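J.: got a predicted structure plus its sequence, pasted below:
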Amino acid sequence: MEVRARAPGKIILSGEHAVVHGSMAVAASISLYTSVSLAFHSHSDNDDTLKLQLKDMALEFSWPVGRIKEAVAGFNTAISSSSPTSCPAECLKSIGALVEEQNIPEAKIGLASGVSAFLWLYSCIQGFKPATVVVTSELPLGSGLGSSAAFCVALSAALLALSDSVVVDMVHQGWSSFGEKELDLLNKWAFQGEKIIHGKPSGIDNTVSTYGNTIKFKSGSLTLMKSNLPLRMLITNTKEGRNTKALVASVSERTIRHHDALNFIFNAVDSISKELSGIIESPVSGELSISEKEENIAELMEMNQGLLQSMGVSHASIETVQRTTLKYKLASKLTGAGGGGCVLTLLPTSLSGTIVDMVISELESCGFQCLIAGIGGGGVEISFDASP
Ligand SMILES: Nc1ncnc2c1ncn2[C@@H]1O[C@H](COP(=O)(O)OP(=O)(O)OP(=O)(O)O)[C@@H](O)[C@H]1O
Ligand SMILES: C[C@@](O)(CCO)CC(=O)[O-]
Ligand SMILES: [Mg+2]
């Protein structure tokens, strides 16, 4: 029996970073997925290792399960798969040593935190059973589209689907979703994985990857939104590498240095997110036409980008995208942690295909990569394959 889970990436329409400090943020899932498959080894395989294959990177890691037990058992034997628990600092150290042994190539060393999250989630939810876990992703890693959260959500889903804590319909053919209780449990486990990768996540990325749709998120709690305005966004990947953990920490350090100023900024972002969500949810037959709503959203995105710049998380490449799109009177803002990564540009409904093509070709001539993805689709799903 093999289980496969897939979880979507996300865009943040407003409120990244400020959400870590208690402001509201608005996010939506995108139709790009990370998939995780899990198959236990049978006795006849005579293989007592846990294998992790990262297919897109052509990397495979492998540990005898006894070694994982030695490193982790002292910390997690009292943990049940139904009680999501943080990885203690001491345990993270011993997991770190197991990851280091795998000699991840220096250019891909950012993967180490993802592999550590894998070992924690696997050993807490499945214990020390020999298995092969295969990961593939359509999301660029470390680019603001929530690759870390999609990885943790898909992994938690696959692990829980074959655990005692979750009852799922294994006979169903094709993709199926989880019940409310199961979604809540896997979202909490994914958050524990995100903590290993991000340091201090707000929880918005794993939540939108779990539940899909367009969501409002504030102080750890989620509201699913009824979107009455289908938004079209161009996503531009500047390909400038960055790391969410370091950027979140840098905003926290700036907040310590300039407490009052940053708190005003966070409050302004909170107001932007409230206004933005109000526009998205407002009835189609309301006072404003679609183009007026889009103009308001463009202005809110522009203001949010200015505030993100004040938090110190913009980047020259992001500002190049902003300047380029402004030539076509289009508003852009960074999405996710910033410092490079991806930028969103609102494409109003009335914008012609010819202009969209011109913007894309100008952005691509700067060396950036553009994509248009579906926004606000479903969240995590699983499927079973009973064949040997
Ligand atoms: N498919 C994957 N396989 C293994 N590790 C992954 C995978 N996807 C993400 N990760 C882990 O997550 C890290 C990237 O996470 P990071 O939070 O920095 O960026 P992001 O999630 O893509 O962007 P953001 O958090 O801004 O939305 C990678 O370096 C790796 O450790
Ligand atoms: C930068 C941040 O706000 C969003 C990253 O996608 C971090 C978080 O909320 O965990
Ligand atoms: Mg992330």
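T.: Arrived safely, thanks for sending. Numbering: from 1, shown residues only. Ligands and ions are numbered 1, 2, ... in the order given.
J.: tell me what the nearest residue to residue 175 once chain neighbours are set aside is bridged to.
T.: The shortest distance from residue 175 to any non-neighbouring residue, by Cβ to Cβ, 6 or more residues apart in numbering, is to residue 381 (4.2 Å). The C-beta positions use only the backbone N, C-alpha and C, and glycine is treated the same way. Counting by DSSP bridges, residue 381 forms beta bridges with residue 6.
J.: so residue 381 touches residue 8, yeah?
T.: No: contact criterion Cβ atoms under 8 Å: residue 381 and residue 8 do not qualify, at 9.3 Å.
J.: tell me which of these two has more neighbours.
T.: Higher neighbour count among residue 381 and residue 8: residue 8, with 32 against 20, using other Cβ atoms under 10 Å.
J.: that one contacts residue 151, correct?
T.: No: using Cβ under 8 Å, residue 8 is not in contact with residue 151, being 11.6 Å away.
J.: how deep is residue 167 tucked in, by neighbour count?
T.: 11.
J.: next, it: phi, psi?
T.: Dihedral pair for residue 167: phi -110, psi 120, per degrees, to the nearest 10.
J.: look up how far ligand 1 lies from it.
T.: Residue 167 sits 28 Å away from ligand 1, going by Cβ to the nearest ligand atom, to the nearest Å.
J.: could you do residue 316 as well?
T.: Per Cβ to the nearest ligand atom, residue 316 is found 18 Å from ligand 1.
J.: same check on residue 90?
T.: To ligand 1, residue 90 is 21 Å away according to Cβ to the nearest ligand atom.
J.: and the closest residue to that residue other than its chain neighbours, what is it in contact with?
T.: Of all residues not flanking residue 90 in the chain, residue 75 sits nearest, at 7.0 Å (Cβ to Cβ, 6+ apart). Contacts for residue 75 (Cβ atoms under 8 Å, 6 or more residues apart in numbering) come out as 87, 88, 90, 91.
J.: residue 49 now?
T.: Listed by Cβ under 8 Å, 6+ apart, the contact partners of residue 49 are 41, 62, 63, 64, 65, 130.
J.: what do you get for residue 216?
T.: By Cβ under 8 Å, 6+ apart, the neighbours of residue 216 are 24, 25, 26, 222, 223, 225, 273, 277.
J.: quick one, strands of the protein?
T.: Using DSSP state E, the strands of the chain run over 2-14, 25-40, 49-54, 59-64, 131-137, 214-218, 221-224, 233-237, 332-334, 342-346, 369-371, 381-385.
J.: keep the contacts of residue 216, but drop any that are not near ligand 3.
T.: Applying Cβ under 5 Å from the ion, the subset of these adjacent to ligand 3 is empty.
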